[in-house]
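[1] My questions are about this predicted structure, shown below with the sequence.
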Amino acid sequence: MHRQRSLIDLAIEGVWLIAVALVPLAFNGRDVVVLFLQPKDFILHAAALSILALWGFDWALGGYQSQLDPGSWTSIRRWLDRSPRNWALTASAGFGVAVVFSTILSPLPAVSLWGRDFSQLGYELYSVLSFLVIFFAIALRVHSAQQVRRIFWAIAGAGVLTGVYGISQHFGWDPIGYGAGQARVISSFANPIYFGSYLLMSVAITLGLALDGARRNDKWLVILFAALIGIQLAALWFTGSRGPWIGTFIALVTFFVLGVLALDRSQLMRGGTALVTGLLIAAVLVNLPADTGRADSSGLESIVSGLTRSAAGLSGRTDIWQASAHLLDSWETQVSETAVSSALRPIFGLGPEMYYYSYPLVANAQKGISVPANAHNSPLQIVLELGAVGLIAFAALAISVFAAGVAYIRNRSRNGTGPDTWLTVVMVTVIAALLGRAAEQMVGLARVGDLVPFWALLAVVLAVYGIGHSGRSVDRDRVRPRPGRSPYLPIGAAVIVTALALALFVSRDLQMLRSGLTAADALEKAVAGDTATAINLLNRASDRSPDIQQYHVWAGELLIKEAQGTADAGVAVSLLRDARETIAEYESRDALSFLIQIRLGLAELELVNRGDISIQNDLIGRSVNTADAMPAYPDIQAAAAERVLVAGQLELGLQLAERAIAMESDTSPQTLAWFMRGKALGDLGDVQGA
């Protein structure tokens, strides 16, 4: 039954389509904002807040009334028993609650709420709630096949555009970004794995569009869709990402297996023709000569290089998984906790974004100083950061979505496909894409660019299930306001929600965009040699967005560099004190930040070297704390040894140097640690040992 849609309803759909289409496409470009993925975060949050505000007014003006009586357990049980769709909606709400409680119990609640590293968000509370808003909007407000078709086109269109961009990067042409000349293409995603994760889904969605019954009689469209699929498959190959390759293979196999059960032979032939032709087009693109100076720029070399990277990458992931397994047993954190907090860790996890800080405490000896922010396995990541409650809620959501999809497909296969099989094609396509995505996430990681379409596709399954069982949304009816109820109360509530959403957007996202523009100008000035102006601009950026640690660090590093380059001792000390103060401003938000502590230690080391003995104890304490926070990193131990030796603590410096040397056989030669050990021994009077 066709129902007339309000302007607000149309606006909400427009907003989610903008988010689904533009989040994958958006990135910083050259000299726009500093952080590559910041435009994605801006669009995601703007879309979610807009949907909340519009939905509030739709509820207030339209008089929505739930069929569920919250005070009646019988009503709740009856509602849940209706369909797996309702179980999925309940589980998704439970997942959101789990993230909220995990954030409250986090060692750093502000970091878990807003994010740790603003160059790669997606797991902090703000973004998770934004995903859920888009998820619920699609799941509850999609009522027609045409709405689903528009979501498919948004995902496939973004896949094609990012695919073309990725291919151009492979062939050495990138006029708007930084991808030219890299061994693995990044397109608009900053990372080839994120890009491959998105293409995994968009390839399947494009294949589903090729089976759209509304256009099945146009044979030329098969060639068009084959070309679109070929572009994306070629770009997927150029990412060199093994997880997305495997996930795409699983998605395509699942598509045709489910298609045999639910689709007719002509549809399968059409899909097979589009896929095979697309594979041939991709093969041609992959084997075109590319003058990029890379050894892995074409066919056979790509295979060999890809297999080599796969072996190395799997070894690194195994190391991360071993540390994650230790965390599941110990639940260690960088801060001392009460017995109650420790007992709650297995239930609610370490907290969003907190895996990064716990990993170094349980890791094997590590090369370099890079700390993984993700467990490279979705279930592990969820259980470690959100605990058993988060994992159970997400598992219940995934199982319910899969059950809804299978139930819909089985019902269609039993009852015949009917005159309009588009929604059956949709369900087959989305389930295949989600299964491929699930396989890929066993070894992968996700960010905002591919998480938005993921949550949108979860919601599409529930929406299609609802359409198939009732022809409209099954949990709400539009009714007239109850007699005697004041119309001003719901309108007032909607106004408050809108005001809060606007205040949040202006104070957070808009300010961060402005600070990003300012920081980009600062880096231009720094490159041009105008360090003073660059520092002032970075300070202005950090004033607008004090939560972004990069601005504090960059300004401090420029000041340290200026101090190291001046011959005037007084000026150098003044600059170093400014650097220390600038970097330390971020400590009040995140005192655990490894980057901040390392850079503060560098500023204090330079000051002590220039005779400022008043901060010797600060340097010693900071160096030891950093070394204890990262015990698996010999480079950090060696640097700490150098700093405490400069501050006059010979025995302590010797201990730290020997810590680093003890890990040498598992990492790499520790030249600095050996030098510091010799210096400590010499100063202690052991000349022969030195």
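    Structure's in. What do you need? Just so it is clear, the model here is predicted, and its values are computed rather than measured.
[2] quick one, what contacts the residue positioned nearest the centre of the chain?
    Residue closest to the average C-alpha location in the chain (C-alpha atoms, centre = their mean): R447, at 1.9 Å. By C-beta atoms under 8 Å, 6 or more residues apart in numbering, the residues touching R447 are 37, 120-122, 189, 191, 194. Bear in mind the C-beta positions are built from the backbone N, C-alpha and C, glycine included.
[3] any idea which of those residues is the one closest to D618?
    Nearest to D618 among the contacts of R447 is Q120, at 30.9 Å by C-beta to C-beta.
[4] Not including adjacent chain positions, what is the nearest residue to the closest one?
    Nearest residue to Q120 in three dimensions, chain neighbours excluded: R447, at 5.7 Å (C-beta to C-beta, 6 or more residues apart in numbering).
[5] Quick check: pLDDT value at that neighbour.
    pLDDT, R447: 92.
[6] ok, it to S358 distance?
    Per C-beta to C-beta, to the nearest Å, R447 is found 20 Å from S358.
[7] which residues of the stretch 451-600 of the chain fall in strands?
    Secondary structure of the stretch 451-600 of the chain by DSSP state E, counting those that start in this stretch: the strands cover 476-478.
[8] Poorly predicted segments of it, please.
    Low-confidence segments of the stretch 451-600 of the chain, defined by pLDDT under 70: 470-487.
[9] same deal with the stretch 201-350 of the chain?
    214-218, 291-314.
[10] I'd like to know how many residues surround L7.
    Close neighbours of L7, defined as other C-beta atoms under 10 Å, add up to 9.
[11] Mind pulling up the pLDDT for it?
    So, for L7, pLDDT stands at 92.
[12] Ok, the one 4 residues further on next?
    The score at A11 is 96. That number is its pLDDT.
[13] So it sits against A53, correct?
    No - with contact defined as C-beta atoms under 8 Å, A11 does not count as touching A53 (10.0 Å).
[14] Those two: which is more packed in?
    Set A11 next to A53 and count neighbours by other C-beta under 10 Å: A53 wins out with 22 against 14.
[15] Buried residues in whatever helix or strand that one lives in, which are they?
    Using DSSP states H and E, A53 sits in helix 38-62. By neighbour count with 16 or more other C-beta atoms under 10 Å, helix 38-62 contains the buried residues 38-60, 62.
[16] now stretch 263-280
    In stretch 263-280, counting by 16+ other C-beta under 10 Å, buried: 263, 267, 270-271, 273-275, 277-279.
[17] Please work out which residues outside it touch it.
    Residues contacting stretch 263-280 (C-beta under 8 Å, 6+ apart): 207, 210-211, 213, 216, 222-223, 225-230, 233, 252, 255-256, 259-260, 417, 421, 424-425, 428.
[18] now the helix or strand in which L224 is found: how far from the chain's centre is it?
    Element membership of L224, judged by DSSP H and E, is helix 219-239. Centroid separation for helix 219-239 versus its chain: 26 Å, with C-alpha atoms, centre = their mean, to the nearest Å.
[19] just checking, what packs against that helix?
    helix 145-170, helix 192-210, helix 242-262, helix 265-286 (3 or more C-beta pairs under 8 Å, 6 or more residues apart in numbering; DSSP states H and E).
[20] and the direction of the second one versus that of helix 38-62, what angle?
    Just to be clear, that refers to helix 192-210. Interaxial angle, helix 192-210 versus helix 38-62 (axes from the mean of the first three to the mean of the last three C-alpha atoms, to 10 degrees): 50 degrees.
[21] mind listing what's buried in helix 192-210?
    For helix 192-210, the neighbour count (16+ other C-beta under 10 Å) marks 192-210 as buried.
[22] Repeat that for stretch 170-178.
    Across stretch 170-178, burial judged by 16+ other C-beta under 10 Å covers 170-172, 174, 177.
[23] Distance to W321 and pLDDT added to the residues you listed, as JSON lines?
    Conversion of the buried residues of stretch 170-178 to JSON lines gives the following (distance: C-beta to C-beta, whole Å; pLDDT from 0 to 100):
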{"residue": "H170", "distance to W321": "31", "pLDDT": "95"}
{"residue": "F171", "distance to W321": "36", "pLDDT": "94"}
{"residue": "G172", "distance to W321": "36", "pLDDT": "92"}
{"residue": "D174", "distance to W321": "34", "pLDDT": "91"}
{"residue": "G177", "distance to W321": "33", "pLDDT": "86"}
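[24] For S102, pull up the helix or strand it's in.
    helix 84-104.
[25] Now the element after that helix, going C-ward?
    helix 109-114.
[26] got a list of what the residue lying closest to D612 once chain neighbours are set aside touches?
    Nearest residue to D612 in three dimensions, chain neighbours excluded: V573, at 6.4 Å (C-beta to C-beta, 6+ apart). Contacts here follow C-beta under 8 Å, 6+ apart; on that basis V573 touches 563, 607, 610, 612.
[27] could you flag which of these are buried?
    Buried, going by 16+ other C-beta under 10 Å: 563, 607, 612, out of the contacts of V573.
[28] Any chance of CSV for those, columns distance to P631?
    Listed next are these as CSV, based on distance: C-beta to C-beta, whole Å:
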residue, distance to P631
A563, 31
L607, 26
D612, 29
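[29] out of the residues you listed, which are inside helices?
    Counted as lying in helices by DSSP state H, out of the buried ones among the contacts of V573, are 563, 607.
[30] which among the buried ones among the contacts of V573 gets closest to R580?
    The nearest member of the buried ones among the contacts of V573 to R580, counting by C-beta to C-beta, is L607 at 7.1 Å.
[31] from what I can see that closest one touches L575, true?
    No - with contacts counted by C-beta under 8 Å, L607 stays clear of L575, the gap being 10.1 Å.
[32] Which residue is the nearest non-sequential neighbour of S127?
    L121 (5.3 Å).
[33] Sorry, slip of the keys, the one I care about is Y551.
    Residue nearest to Y551 in three dimensions, not counting chain neighbours: S542, with 4.0 Å by C-beta to C-beta, 6+ apart.
[34] Next up, the contacts around that neighbour.
    Counting by C-beta under 8 Å, 6+ apart, S542 has contacts 515, 548, 551-552, 555, 582, 585-586.
[35] need those residues in a markdown table with neighbour count, can you?
    A markdown table is the format used below for the contacts of S542 (neighbours: other C-beta atoms under 10 Å):
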| residue | neighbour count |
| --- | --- |
| S515 | 27 |
| I548 | 26 |
| Y551 | 30 |
| H552 | 25 |
| A555 | 27 |
| T582 | 26 |
| E585 | 18 |
| Y586 | 24 |
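[36] right, and out of the buried ones among the contacts of V573, which lies closest to L510?
    Nearest to L510, judged by C-beta to C-beta, of the buried ones among the contacts of V573 is A563 at 34.7 Å.
[37] Verify the stated contact: that closest one with G570.
    No - the criterion here is C-beta under 8 Å, and A563 misses it with G570 at 10.8 Å.
[38] my read: A227 touches I281, true?
    Yes - the pair A227 / I281 is scored as a contact, 5.9 Å apart, by C-beta under 8 Å.
[39] So for the two, which residue has more residues nearby?
    Taking other C-beta under 10 Å, A227 and I281 do not tie; I281 has more neighbours (19 against 16).
[40] biggest helix in this protein by residues?
    helix 378-415.
[41] got the angle between the following helix or strand past that helix and helix 265-286?
    Following helix 378-415 in sequence order, the next helix or strand is helix 422-440 (DSSP H and E). Between the axes of helix 422-440 and helix 265-286, defined by the same axes, to 10 degrees, the angle is 40 degrees.
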